[in-house]
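Colleague: got a predicted structure plus its sequence, pasted below:
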Amino acid sequence: MTGRASVGAAAGLVFRRDLTLAWRRWDEVAQPLIFYVVVTTLFPLATTPDLNQLRTISGGVVWVAALLASLLALEALFRSDVEDGTMEQWVMTGQPLGWLLLAKVASHWVLTGLPLVVMSPIVGTALGLPFAAWGTLMLSLLLGTATLSVLGGIGAALTVGVRRGSVLLSLLVLPLAMPLLIFGSRAVGLVMDGESPSGPLQLLAAIFFLSLSLGPVAMSAAIRISVES
Amino acid sequence: MTGRASVGAAAGLVFRRDLTLAWRRWDEVAQPLIFYVVVTTLFPLATTPDLNQLRTISGGVVWVAALLASLLALEALFRSDVEDGTMEQWVMTGQPLGWLLLAKVASHWVLTGLPLVVMSPIVGTALGLPFAAWGTLMLSLLLGTATLSVLGGIGAALTVGVRRGSVLLSLLVLPLAMPLLIFGSRAVGLVMDGESPSGPLQLLAAIFFLSLSLGPVAMSAAIRISVES
Amino acid sequence: MLPDGARLAAREINAWRGDRHILRDVSFDVRSGEFLKITGPNGVGKTTLLRVVCGLLPAESGEVSWRDRPVQGASDEFHAEMAYLGHLNSLKADLTARENLRFLAGLRQALSDSDVDAALDRVGILSRGDLPARSLSAGQKRRLALARLLLSGAALWILDEPVTNLDTAGIALVEDLIREHVERGGLALAAAHQRLLDDAPMLRRLELQ
Amino acid sequence: MLPDGARLAAREINAWRGDRHILRDVSFDVRSGEFLKITGPNGVGKTTLLRVVCGLLPAESGEVSWRDRPVQGASDEFHAEMAYLGHLNSLKADLTARENLRFLAGLRQALSDSDVDAALDRVGILSRGDLPARSLSAGQKRRLALARLLLSGAALWILDEPVTNLDTAGIALVEDLIREHVERGGLALAAAHQRLLDDAPMLRRLELQ
Amino acid sequence: MWTWFHKFASPPHAYRLLGRLAPWLGWPALGLILLATWWGLVKAPADYQQGDAFRILYVHAPSAWMSMFIYVVMAVAAAVGLIWRIKLAHAAAAASAPIGASFTFLALATGSIWGKPMWGTWWVWDARLTSELILLFLYLGYMALRSSFDDPQRADRASAVLAIVGVINVPIIHYSVEWWTTLHQPASVTKIDKPSIHIEMLIPLFIMIVGFQLYYGWALSRRLRGEILQRERNATWLTKTA
Ligand code: HEM
Ligand SMILES: Nc1ncnc2c1ncn2[C@@H]1O[C@H](COP(=O)(O)OP(=O)(O)OP(=O)(O)O)[C@@H](O)[C@H]1O
Ligand SMILES: Nc1ncnc2c1ncn2[C@@H]1O[C@H](COP(=O)(O)OP(=O)(O)OP(=O)(O)O)[C@@H](O)[C@H]1O
Ligand SMILES: [Mg+2]
Ligand SMILES: [Mg+2]
């Protein structure tokens, strides 16, 4: 034992632990991605196969699917750690809890958000999204899913101690997620109309940094309440 | 103690237990509804507020939302019962396990599927779905969500264990859900075009009875494997 | 009074966990009116043995028989006559103590409210009957799990460290429950580290190593 | 050697669970080199008291102080010096024993692989180091949780029924661990139903009722 | 000062004070609201552009403002409760939520009734309308979260976190008309320097606002008394009062 672990080292451990756990249970991790692909590929089947009509709404469809897929995975974010007593140990490490939770959220994003971003051009193309909009779609999804992970982290931390948390969680998080959806799909829409998407993208970035600064405090306050029992 | 409980009584208890767990409060009953409404409001936000354009995809949107809502809650269907040891007790009640699990799936459907069916006309109308299509939408959703619950139950039973093989099988369940989505939205599409939806509806009914007859056996086999540890 | 002449026998059980051969040719035999205490250090395979007997784990070889018929093919009949208390209490944290009993023990036996209350009273947590299991103390949870046994109507009790988390009065309670059950013609198997009915006449021992 | 002169004091703690007044004016005082054993029947409030001390439950009134400063405002400093072992083992079932230690104890102390192995060896499960925690026996899980304490580098140990599921050798191990820790200048609190260091000179008792 | 504050915030004192306060808020509220309704519907001149349809403004704008105002009050109360551990503040936040949700609903309903003649549709997915709808969901989420906890203390603190996080939405509602081009009316009354609205229309609007504020005070004190009763049901002062 070479002395006290630094905050960075502790956060790094949390991050690596979650990747390790995900590797052991990759069927769970794959769920959101499968959902995302299935929803977007089935959307034309469920609605209309006409690419011209699809194209106008493709950005929005990809965005909604990404939003819902992220939500799918959020519910379990803290649950097992609270139930098996890991979380109460984290509260008592003497390390700033907010940073540990942020590291956990980051690994969650790497596991669920990032794959959605990476897959989005393929999925979008299947819906008729033009090549020119790829960059904007990916950038907006990058910011959007990351923000959603933080906001969802707050929601998950609040609802982890209550019954039927999943529905309550979406009730809390979806309203906060609506602006993301609006700006994200507007950015894609703008670029498809040949205009500059920088306005909505900047707003997305602003929301991201806002939630990043609020997230750790709110999450750690919520988790402290949830471990009380 | 007035003697051994009958199978029907046991299945009834499982059903009531899950309702009790979920229905502790009025707001928990209302939450699936609110969730559903929120999910479907996201679509016009992300795509287009134009009702004429929305109308053509409204059936598909409602159907995709139903698919998500079923998936959202299904993942955890058996997990807590397996982890806290309830499931191994069920295995050892001497009652036919398949029926107990079917009762559990039924209560899950009553809590998540049925509210979606009931709300669908309102939600559909907000998306421009014509009155004439209400009946078909509700009937197709009734069959579809029930089938999804059973199929999802099989998937959940398979994935709850740690076995690697379960992953492949869970990947098989989602594709099984695809025909539901296709037939369901086609039925709605047909009736909106003034044609008879009975073809796809009959197919849906056939899939439902098929899954109902397969479900109990498949679920109880999968659960017996997952409690072995 | 329970049906008489019941007999549980295990013959040369071998079981593996992963790549470890945990149980090697374990045999035992318990009859109506007997209590078998299984001892041995941590990790020796007590839980493994009990779960094999319950049919929750497959054995590599050997046979478990109940009333002189192999358990293997007739597990529903066997399960209907036995009750298992594992390391886990099998409680739903969100249901009250009463509901837990009604919804789990009720799967086996048709129960009236007074049955449930009598069982809660016997294990000393009647006053906590309407608390969610989540709010019970560790020992109260274990007592609730014991109450489930009382309501199971089973002839064979299989107990894995039943006195975990119990106070002195609780240990005496478990001893009384087992004694009464066995004297009524039942059978009991328990894994335990502590003293448990060590001087009682019905005790038989199996030491794993 | 741990820093000396540490002192944990609780003054007139009152705590409620739901609408029950569980702890009424509970006070105690432990110094470096002492071990406080908390006893009392099931459900009396031992766990509640320990969790209040840890700051995991709010007290209605009263104060816990560490090194003569109230814990309330300075919980990170306090937590850095204490380690809690609850009824739950706080293990991730899918991680191996080694990984469990590295990822949980590592949050507090920078650990090398040999530290982890030494701790596993001390609690007697070194040979099980690469098994997922899910596959460990109940007693082995408890031992793994004890290994976490050894690696915490904390001056204050708060133990809730540490000997749960342990065999006779395991109980002796816990006694040795506590004795060594306390002799090194540490403090320990434990709730227990069984005998635990009952004749040791460092023992102090608190009986709840 | 601090001791005075704690005395004021003590449940028995607050309970009695609120009981005495309520009638002084309730009756004036009723009077003012009736007066403003008469003034707005009958006395004030019709709008030269919109005709009589605009008269719904006298309900719409005040209730929209109240919906935001109450949310801010709720978030501030929640923050006070969280930081200084004052139970009464949490109780005030909890008691405010349903009132705020009702005003939000009223704003949405009157807005869409007004939107039908003005914009030809009940609803559009426009930034102000959407953010106001989100406000309703926030209120509902707040109430749902509260009722999901058995323990009022935990419910207090968990819902407080949500209330504080959600307060970001309030400036978004207010500035939405400036940040995005929308159908909705830009600020005309709340412009600080010179309101671009006729004084004849302004007076009943202000009366209505004061009326709504008093109504809020009245409803809050009644609900707060209920909350206190609920929370203190085991306390000795209550058994003595009863
Ligand atoms: C459902 C539809 C509507 C909603 C949700 C809504 C919402 C709001 C909100 C939240 C405010 C307060 C904004 C603030 O002070 O920051 C407001 C004010 C106002 N609304 Fe609406 N509104 C709706 C429809 C309408 C319509 C159709 C009109 C008229 C054409 C209208 C006219 C006004 C006016 C004049 C104000 C006062 C503006 C000011 O001075 O700040 N609203 N509305
Ligand atoms: N996959 C595996 N690979 C190797 N060993 C395993 C595996 N799974 C379990 N084991 C070992 O099998 C044994 C299981 O023993 P079991 O749980 O039956 O012990 P026990 O006698 O009940 O112990 P305790 O007193 O601690 O409850 C343990 O030693 C465990 O390490
Ligand atoms: N919401 C509640 N309402 C009423 N009583 C409660 C509530 N939550 C917990 N309790 C009671 O508080 C007590 C908690 O005790 P605690 O867990 O501290 O006991 P303990 O001394 O650790 O017991 P054990 O030896 O069984 O672990 C129990 O008697 C429990 O029934
Ligand atoms: Mg064991
Ligand atoms: Mg305890």
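Modeller: Thanks, I have the structure now. Ligands and ions are numbered 1, 2, ... in the order given.

Colleague: so which elements touch the helix or strand hosting residue A:211?
Modeller: Residue A:211 is located in helix A:198-227, with elements delineated by DSSP states H and E. Counting contacts by 3 or more C-beta pairs under 8 Å, 6 or more residues apart in numbering or on different chains; DSSP states H and E, helix A:198-227 packs against helix A:79-83, helix A:86-91, helix A:97-108, helix A:134-159, helix A:165-192, helix E:152-166. Placement of C-beta: from N, CA and C, glycine included.

Colleague: flag every buried residue along it.
Modeller: A:200-201, A:203-205, A:207-208, A:211, A:214-216, A:218-227 (16 or more other C-beta atoms under 10 Å in any protein chain shown).

Colleague: then stretch C:173-180?
Modeller: C:173-175, C:177-179.

Colleague: kindly indicate which of those lies nearest ligand 4.
Modeller: If you rank those by distance to ligand 4 using C-beta to the ion, residue C:174 comes first, at 16.4 Å.

Colleague: elements contacting the helix or strand where that closest one lies?
Modeller: Counting by DSSP H and E, the element that carries residue C:174 is helix C:168-183. Judged by 3+ C-beta pairs under 8 Å, 6+ apart, the packing partners of helix C:168-183 are strand C:35-39, helix C:138-152, strand C:156-160, strand C:187-191.

Colleague: wait, which of these is closest to chain E?
Modeller: Closest to chain E of these, according to C-beta to the nearest C-beta: helix C:138-152, at 17.2 Å.

Colleague: what's the average pLDDT for stretch A:155-167?
Modeller: Stretch A:155-167 shows a mean pLDDT of 77.

Colleague: identify the residue nearest the geometric centre of the chain.
Modeller: I went with chain A, as the question did not name one. Chain A has residue A:149 as the residue nearest its centroid, 3.4 Å off, counting by C-alpha atoms, centre = their mean.

Colleague: my bad, the chain I had in mind was chain E
Modeller: Closest-to-mean residue, chain E, C-alpha atoms, centre = their mean: residue E:70 / 3.3 Å.

Colleague: quick check: which element contains it?
Modeller: Short version: residue E:70 belongs to helix E:57-84, going by DSSP H and E.

Colleague: and whatever helix or strand comes next after that helix with helix E:152-166, angle?
Modeller: Next along the chain after helix E:57-84, taking DSSP H and E as the criterion, comes helix E:87-119. On the basis of axes from the mean of the first three to the mean of the last three C-alpha atoms, to 10 degrees, helix E:87-119 is oriented at 40 degrees to helix E:152-166.

Colleague: what does the one helix or strand in chain C whose mean pLDDT sits lowest rub up against?
Modeller: Lowest on mean pLDDT, DSSP states H and E among the helices and strands of chain C sits helix C:75-80, with a mean of 88. For helix C:75-80, the surrounding residues in contact (C-beta atoms under 8 Å, 6 or more residues apart in numbering or on different chains) are B:4, B:91-96, C:55, C:66, C:71, C:108, C:154.

Colleague: give me the buried entries from the residues you listed.
Modeller: B:91-95, C:55, C:66, C:71, C:108, C:154.

Colleague: any idea which helix or strand carries residue 30?
Modeller: If you meant another chain, say so; for now it's chain A. helix A:26-46.

Colleague: if you could check chain E rather than the one you did, that'd help
Modeller: helix E:11-38.

Colleague: say whether chain D is contacted by that helix.
Modeller: No. Using C-beta under 8 Å from any C-beta of the partner chain, no contact is recorded between helix E:11-38 and chain D, whose separation bottoms out at 14.2 Å.

Colleague: who are the neighbours of that helix, in terms of helices and strands?
Modeller: helix E:2-9, helix E:87-119, helix E:199-231, helix E:236-241.
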